[in-house]
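J.: give the three-dimensional model of this entry:
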Amino acid sequence: MSENDPKPDGGTASQSSSVEREALDDHPLEWDEPENNRKADDERQSVSRPAEKDDDRKLVTGEAKYTADYEEQFPDLAHAAVVRSEIPHGRVTAIDTDAAESMDGVHAVLTPWSDGCPDAKYTSAGQSYPEPSPWDMNVLNEHVRYVGDPIAAVAAEDDETATAAVETIGVEYEEYEYVLDPEEAFSEDAPQLFADEDVENEIVGHDYDRNRMSNIEGELGDVAAAYDREDTHVHETEWSTIRQSHAQVEKHTSLAYTDEDDRHVLITSTQVPNHTRRQLAHLFDVPVRDVRVTKPRVGGGFGGKQAMVVEPIALALSLAADRPVIYEASRAEEFQAMRSRHPMRVRARSAVTDDGDIEALELYALSNTGAYGSHGMTVAGNVGSKPMPLYSKVPNVRFEADIVHTNTPQTGAMRGYGAPQGTIALEGHLDEVARDLDLDPIEFRRDHYMEVGDLDEIAGMMGGEGAERRIRSCGLDDCIERGKEAIGYDEIEQPEAEHRHRGIGMALSAQGTGVAGDELGGAQIMMNEDGSFHLQVGGVDIGTGADTAFIQIAAEVLGCDERDIVIKTSDTDNTPFDYGAYASSTTYISGMAVKKAAEDAKERILDWGSRLLDEPVEDLDTADGEVYSEATGESVSLEDVGYESVYGDEDREHILGKGSHSTDESPPPFAAQFADVTVDAETGEFEVNKLVVAVDCGVAINPGMAEGQVEGANHMSYELAVNEGITFDDEGRAEVADFDEYDFPTAAESPPIESILVETHEPTGPFGAKSVAEVPTNTVPPALSNAVREAVGVRIDEMPITAAKIRSRLDE
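T.: Below you'll find the predicted structure:
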């Protein structure tokens, strides 16, 4: 019996049976899992196999089409360029567009005062409705709040003309005082970015007099009482993180036009087609039915395209110019005016006994949301609700966050979505506590972390009644042991040089799989007469391989070859509704919708197979492109079924399968990160010898793609640990405008990364799957900080970790 398997008495091998009956009733350990959802490895035909990524050949040959590749279909296409604020805070008093409007080749010029510019408030956050972000934005701005705020836009016959036109536009300002630091912004006498009347739907805890967009807090137990106990030690640490860029290869690009039915169509690089459709309908005051959003190949998103950033400008210019318009952001705009990870300052506090029992755990986050509130509250909430539940056995837990506006570019969703900032603080803090109390850092964690059967109340701490989750799969023990073995945890050898020191640090992480109670995915599958299928999915592949996973899930159910499934995704006219690609939900939510659609189609396939074989349906199944009888061994091909169903002499039917999926479940994946570092104590310079990350993602639908996600996420996490990120001068101007100025580590500069997939089975996911793409993003900064602490005895708690900081701490 595995430690993850339920005991016959309803408990688990790693859990006593003393769980309260009421909690079991509300959140039962056992799950009503379909029989076909749990398959042994040797029974799987498509799932958990290294199928070729659906778009690999198109990508390699250049046949894959991105948004910008659609230019050739529109001979009258105009190109957009944008005038952006040159000051961090003020009001536009005049805009001179005369020269631009008189230029040959200019088709339209828009300002905040143009009739064709929408004036409705909105949020760019691509989230569920009603959006949990304030409506505090305008398409073009009279009141500007950061260097880069859009003021005017031009559509012209080509890029060169559009760029030349915006350079002729003169802008006059009334300049206001500005604030760049979140602590200063939170003071009562700081310059104020918003008044209440500037925002249509204020978020809980807002206080615009102090530039606070939101305050959130939650508590379990009594944290203060634990601090007051005589038998506990109170520990406190503080941490800060960088403003990280998504740095995706494909820039934000959107092509807008009006079709022959007077409907607005956008071909756009987005993670959230249906949310974008809804938001555009709101902004342009048209019915949702009159907006179509379609996503081609996307060259990376990482959360940066979970926002409606360029689409409104492209559509407004298209309507004004009466022709198709494409807006492709410049690389400078990507760094200075799109989105980035929220920089935060996080304080961790705990009360721990001499024996190493954590009696209380607390995090406080001050989050810099920038000039606008897109994703501000929800990201900050995840600072607590993602990493803290990992330690489900801690009885007293508290989390609070203040989300504050500054006159810097707005931040947004980014891979990990608040969990990296919280994990840095929590895992670094626990390591420091273990060292202070002379405890083994791994065993200290092991005594408190999640096990199968635990009721995670911390994740629901701020989510209201019923937001808790039962843990039904957890491979943390295996992740730790396999990670230790791979890194050589117990076999470390010190360098011969006395000034060089080697250390290994570790960190743990948990994430979520979708947003519990707040997601929806839909799918439809159609059978062709030759036994092949067309799969239509609302889910969004942004380069992750989601389309391939959908095909594998469908093929597993239908018993067909993956090559016999043609997939079409992410077109709001032609594919079912889906919330989009975010929160590690795609395989778990959209994949389960695909599974349900395939099962719906399979039911009809078996019915027709029963007629052809003259055998009862209950004796039939599908495999290897056939319907076969488990009783007699007789079979007919799926092609026979297809032709009979549409061309039969008596009855005829187009075999269709439909499925949609939403759930209150959000099972956490887990990761154990190890970092091996050698530090030169004379200079502070360090070399990361190796990174190892072991991840429990349930059953990997495609192990090769899962490993790629893990390694890519770990590289992004390494960047979060060692890169300065996007910095600003004293006047609020971004000091990064191109890749050569954004000093992220290249492949040649990065340490070896070893990824390990630890298979468990999550009964609520398709064939046992849960998420994988975000959890390895959280762990390198704390593991590396812990490794440096182990090697030379100094703690770096302000990212990035640099040689200068290490040398400075050694000199203290």
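J.: can you pull the contacts of the closest residue to E188 other than its chain neighbours?
T.: Leaving aside its sequence neighbours, E188 sits nearest to R210 (Cβ to Cβ, 6 or more residues apart in numbering; 6.1 Å). Yep, even glycine has a C-beta here, placed from its N, CA and C like the rest. Each residue near R210 by Cβ atoms under 8 Å, 6 or more residues apart in numbering is listed here: 185-188, 190, 404.
J.: repeat for P763
T.: Contacts of P763 by Cβ under 8 Å, 6+ apart are 31, 33, 37-38, 472-473.
J.: out of those, which is most surrounded?
T.: R472 (27 neighbours; other Cβ atoms under 10 Å).
J.: how close does that one sit to A380?
T.: 28 Å (Cβ to Cβ, to the nearest Å).
J.: what residues go with each domain of this structure?
T.: 20-49+468-512+667-812, 67-178+245-337, 188-244+340-449, 516-661 (automatic domain parsing).
J.: of those domains, which approaches E457 most closely?
T.: Across the domains of the chain, E457 has its closest neighbour in domain 20-49+468-512+667-812 (4.8 Å, Cβ to Cβ).
J.: centre of the chain to the closest one, how far?
T.: 15 Å (Cα atoms, centre = their mean, to the nearest Å).
J.: one step back: and D56, which of the domains of the chain is closest to it?
T.: If we rank these by Cβ to Cβ, the stretch that ends up nearest is domain 516-661, at 8.6 Å.
J.: stretch 177-192: which residues count as buried?
T.: Across stretch 177-192, burial judged by 16 or more other Cβ atoms under 10 Å covers 178-180, 182, 185-186, 190, 192.
J.: then that stretch to CSV, C-alphas only?
T.: Taking C-alpha atoms only, stretch 177-192 is exported to CSV below (Å, rounded to 0.1, in the frame of the first residue of the first chain):
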residue,chain,number,x,y,z
GLU,A,177,3.9,65.4,-7.4
TYR,A,178,4.7,61.8,-7.7
VAL,A,179,5.7,58.8,-5.5
LEU,A,180,7.7,55.8,-6.6
ASP,A,181,8.3,53.9,-3.3
PRO,A,182,5.3,51.9,-1.9
GLU,A,183,6.1,52.7,1.7
GLU,A,184,6.2,56.4,0.9
ALA,A,185,3.0,56.1,-1.2
PHE,A,186,1.2,54.6,1.8
SER,A,187,1.9,57.6,4.1
GLU,A,188,-0.8,60.1,4.7
ASP,A,189,1.0,63.0,3.1
ALA,A,190,2.0,61.2,-0.1
PRO,A,191,0.8,62.5,-3.5
GLN,A,192,-2.6,60.9,-4.2
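J.: could you list the low-pLDDT ranges of this structure?
T.: For the chain, the stretches with pLDDT under 70 are 1-23, 463-466.
J.: look through it and tell me its longest strand.
T.: strand 358-370 (DSSP state E).
J.: against which helices or strands is that one packed?
T.: helix 182-185, helix 223-228, strand 344-353, helix 376-385, strand 396-405, helix 419-436 (3 or more Cβ pairs under 8 Å, 6 or more residues apart in numbering; DSSP states H and E).
J.: rerun that using 6 Å as the cut-off
T.: Other helices and strands packing on strand 358-370, by 3 or more Cβ pairs under 6 Å, 6 or more residues apart in numbering; DSSP states H and E, are helix 223-228, strand 344-353, helix 376-385, strand 396-405.
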